[in-house]
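**Q** fold the stuff below for me.
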Amino acid sequence: MNHIKAIAFDLYGTLFDVHSVIDQCEKRFPGRGREVSTVWRQKQLEYTWLRSLMNRYVTFEQATEDALRYTCKHLRLDLDEPACNTLCDAYLRLQSFPEVPAALRELRARGLKLAVLSNGSPHSIGAVVGNGGLRDEFDHLISVDPVRIFKPHDQAYALAERVFGLARGSILFVSSNAWDATGARYFGFPTCWINRGGGTFDEMGQAPDWELRGLDEVARLFDGAERNAPLA
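**A** Take a look at the predicted model:
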């Protein structure tokens with residue numbers, strides 16, 4: 001791992017739990033919170049992918065709001081404007097996964113440059129990281145907004161090369177989203193998949209270089225962990 005000089009992290013689902021919005025969803029729709037969060041997240045992702053294919057970019061905040069409106073219509077739930085605003089604001093106040101703060105501090109202590117590389121806008125990334133108290137752990141917060149296309153497009157991943165000023169082979173990419181890890185691996189990043197839930201990696205022609213159970217295991221890669229093996 002001596003060739004790795006920097007790490008780029010996905011934000012949503014990797015550092016921060018997108019389903020920490022369940023509490024707010026449950027307050028608005030009692031008994032339906034988890035269902036709303038699940039459909040909302042899936043549709044949010046679909047909208048980013050579809051808009052990239054159609055070359056019809058909108059900010060991540062707009063895609064998130066559109067996905068929420070769809071979700072409520074689909075589930076036959078009444079969504080007024082105050083509730084829409086409250087729920088969308090919850091996406092700016094996500095909770096980090098428990099191991100994340102200490103893991104980031106340990107990686108920084110090893111002299112690595114750290115960045116977020118996210119489909120979020122500069123505003124949403126800054127809000128999530130800032131509200132989570134983690135802004136000081138990152139050298140860069142990188143949004144896809146300048147290229148106006150979402151991951152997993154190559155132009156999105158190329159932003160990390162540009163911002164770090166490093167070749168892609170020197171940047172470890174870390175994501176809990178299999179589609180994201182796949183796109184990053186095709187781009188040429190060494191890639192780590194955070195598989196917290198014991199899921200199955202997508203069959204799209206690539207495999208992650210490392211499969212780990214949490215962010216706290218990433219530092220162990222720099223202690224000589226074996227390639228392509230889950231860590232105990």
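**Q** can you list the buried residues in the least confident helix or strand in the chain by mean pLDDT?
**A** Each helix and strand of the chain was given a mean pLDDT (mean pLDDT, DSSP states H and E); the minimum falls on helix 218-221 at a mean of 92. Buried residues in helix 218-221, defined by neighbour count with 16 or more other CB atoms under 10 Å: Val218, Ala219, Leu221. C-beta: built from backbone N, CA, C; applies to glycine.
**Q** packing partners for that helix?
**A** Helices and strands touching helix 218-221, by 3 or more CB pairs under 8 Å, 6 or more residues apart in numbering; DSSP states H and E, are helix 100-109, strand 171-175.
**Q** got a list of contacts for that helix?
**A** Met1, Ile7, Ala103, Glu106, Leu107, Arg110, Leu172, Val174, Cys192, Trp210, Leu212, Leu231 (CB atoms under 8 Å, 6 or more residues apart in numbering).
**Q** give the closest residue to the fifth one in space, chain neighbours not counted.
**A** With CB to CB, 6 or more residues apart in numbering as the criterion, Leu107 has its nearest non-adjacent residue at 5.7 Å, and that residue is Ala219.
**Q** now do Phe97
**A** Per CB to CB, 6+ apart, closest to Phe97 is Asp17, 5.8 Å.
**Q** pretty sure the one you found contacts Arg93?
**A** No - in this structure, Asp17 is not within contact of Arg93 by CB atoms under 8 Å, at 11.4 Å.
**Q** common neighbours of those two, please.
**A** By CB under 8 Å, 6+ apart, no residue touches both Asp17 and Arg93.
**Q** ok, those two, which is more surrounded?
**A** Asp17 (18 against 15; other CB atoms under 10 Å).
**Q** phi and psi next, for the more buried one.
**A** For Asp17, the backbone dihedrals (degrees, to the nearest 10) come out as phi -80, psi 110.
**Q** contact partners for it?
**A** Per CB under 8 Å, 6+ apart, neighbours of Asp17: Leu94, Gln95, Ser96, Phe97.
**Q** may I see the buried residues of the longest helix along the chain?
**A** Longest helix of the chain, by residue count under DSSP state H: helix 33-54. Neighbour counts over helix 33-54 (16+ other CB under 10 Å) mark 33, 35-37, 39-41, 43-45, 47-48, 51-52 as buried.
**Q** likewise for stretch 158-177?
**A** Buried-residue list, stretch 158-177, by 16+ other CB under 10 Å: 159-161, 163-164, 168, 170-177.
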